[in-house]
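[1] fold the following.
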Amino acid sequence: MENKNITEQPELFPETKKKKSMVFPIILATVLLVGGFFGYRTYSFGQTHEVTDDAQIASNMSPVISKISGYVAEVKVKDNQFVKKGDTLIILDDRDQRMALQSAVAALGTARSNISTARASTNAASKNINSTNAAITTANAQIEAAKVNVWKTTQDLNRYANLVKDHTITQQQYESALAAKQTADRQLQILIDQRNQAAQQTGIVTSQTAASSEQIGVATSISKQREVDVENAKLNLSYTVITAPEDGFVSKVPTQKGQFLQAGSQLFSLVRDSDNWIIANFKETQISKMVEGQKVDIEIDAFPGQKFEGVVSSFSPATGSSFSILPPDNASGNFVKVVQRLPVRIDFVKLDPKVAKKLRAGMNVKTTVNLK
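    I've put the predicted structure just below:
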């Protein structure tokens with residue numbers, strides 16, 4: 001009897017059970033509606049926008065490079081310091097450069113003195129040429145006079161020879177005419193020899209003048225080379241003072257006093273604060289509808305809740321992996337397809353100057369490109 005009563009006992013709260021059975025369908029319908037709404041919204045947004053958070057702030061960075069080798073004498077800047085164009089950053093020990101400059105100046109003085117010596121020799125040779133030319137001219141005039149005298153004494157001798165045969169004149173007179181003829185001949189020969197010597201001397205002096213002129217040319221060339229050496233020494237001396245190429249912030253300065261620097265070594269970087277932009281790395285499947293000039297919504301992690309405006313400025317000519325030190329070589333046979341990313345430059349539009357001063361290269365950014 002007791003088992004029968006338990007089995008036939010009426011069910012308690014039958015209405016409550018029916019109400020619970022309607023909750024799940026209602027929740028399911030609500031989730032489907034909400035999910036469908038947001039799914040359609042996301043799909044529609046994806047058709048008109050491209051989004052990536054693989055983006056960073058970029059700035060112009062000027063490397064600070066030592067153009068000569070030398071030891072650091074003084075470091076004038078500290079980490080993160082703001083400097084203006086032309087400010088002194090590092091001073092190198094300049095004693096070697098000063099000695100090189102003094103040596104170059106001394107060599108230039110020697111070269112210039114060699115030019116003066118060569119010019120003096122040329123002037124002296126020119127004077128000698130003038131003197132020998134005058135001597136030749138005088139000798140030629142004297143030779144002409146001597147020839148006349150030879151002709152006259154020859155005529156006298158011939159006439160006296162006929163007269164002496166007739167005993168019209170004495171033998172002494174004939175011998176005097178003969179002696180005059182011989183003297184005239186000897187005088188003519190002496191003058192001819194003197195003229196030949198003067199002409200020979202003229203040739204020697206002319207050769208000396210040509211050699212002196214050549215020496216002037218060589219000395220002038222050497223002098224010009226020494227002038228270049230002096231200018232080069234001055235330039236190297238100026239390189240001992242390393243200055244800021246632009247306005248900006250100095251990065252970490254690892255250079256210390258007494259450190260030896262190699263020519264061409266980069267010491268640190270100078271981040272210019274005059275301009276900032278964004279480099280966004282979009283997947284290659286995202287850029288089919290992207291063009292220059294499209295508007296961009298920008299979110300910077302350093303400024304949560306704030307949105308900034310930008311515009312697509314340009315596209316990189318190659319993917320980021322192509323610029324890597326070891327670019328992928330798909331011809332090796334070990335090919336695995338990986339979606340590549342293309343760097344896209346985005347410029348800010350009407351950026352608040354207060355925000356611009358706080359931006360730093362490398363800050364994370366989220367960019368949304370409006371494809372419309």
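
[2] what sits against Lys289?
    Counting by Cβ atoms under 8 Å, 6 or more residues apart in numbering, Lys289 makes contact with Glu50, Leu371. Glycine gets a C-beta too; all of them are placed from N, C-alpha and C.

[3] how near is it to Ser316?
    17 Å (Cβ to Cβ, to the nearest Å).

[4] which residues in the stretch 201-350 of the chain form strands?
    241-243, 248-250, 260-261, 266-283, 295-300, 307-315, 341-349 (DSSP state E, counting those that start in this stretch).

[5] among those, which is nearest Ser321?
    strand 341-349 (8.0 Å; Cβ to Cβ).

[6] okay, buried residues for that closest one please.
    Arg341, Leu342, Pro343, Val344, Arg345, Ile346, Asp347, Phe348 (16 or more other Cβ atoms under 10 Å).

[7] JSON lines please, covering those and showing pLDDT.
    JSON lines is the format used below for the buried residues of strand 341-349 (pLDDT from 0 to 100):
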{"residue": "Arg341", "pLDDT": "92"}
{"residue": "Leu342", "pLDDT": "92"}
{"residue": "Pro343", "pLDDT": "94"}
{"residue": "Val344", "pLDDT": "95"}
{"residue": "Arg345", "pLDDT": "95"}
{"residue": "Ile346", "pLDDT": "94"}
{"residue": "Asp347", "pLDDT": "93"}
{"residue": "Phe348", "pLDDT": "93"}
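
[8] out of the strands of the stretch 201-350 of the chain, nearest to Gln81?
    That would be strand 248-250 among these, by Cβ to Cβ, at 4.9 Å.

[9] that closest one: how far from the chain's middle?
    23 Å (Cα atoms, centre = their mean, to the nearest Å).

[10] tell me the helices and strands packed up against that strand.
    Contacts defined by 3 or more Cβ pairs under 8 Å, 6 or more residues apart in numbering; DSSP states H and E place strand 248-250 against strand 82-83, strand 266-283.

[11] tell me the domain boundaries of this structure?
    Per automatic domain parsing, the domain ranges recorded for the chain read 50-92+249-370, 95-237.

[12] JSON lines for the ones you listed, including distance to Gly39?
    Output for those, formatted as JSON lines (distance: least, Cβ to Cβ, whole Å):
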{"stretch": "domain 50-92+249-370", "distance to Gly39": "16"}
{"stretch": "domain 95-237", "distance to Gly39": "69"}
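
[13] select from the ones you listed the stretch with the lowest mean pLDDT.
    Ranked by mean pLDDT, the domains of the chain bottom out at domain 95-237, with a mean of 77.

[14] hey, where'd the helices end up in this structure?
    2-7, 14-20, 23-48, 95-165, 171-238, 353-358 (DSSP state H).

[15] dump those to TSV, plus distance to Pro304 and mean neighbour count.
    Output for these, formatted as TSV (distance: least, Cβ to Cβ, whole Å; neighbours: other Cβ atoms under 10 Å):
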stretch	distance to Pro304	mean neighbour count
helix 2-7	65	7
helix 14-20	43	8
helix 23-48	21	10
helix 95-165	53	15
helix 171-238	49	15
helix 353-358	13	10
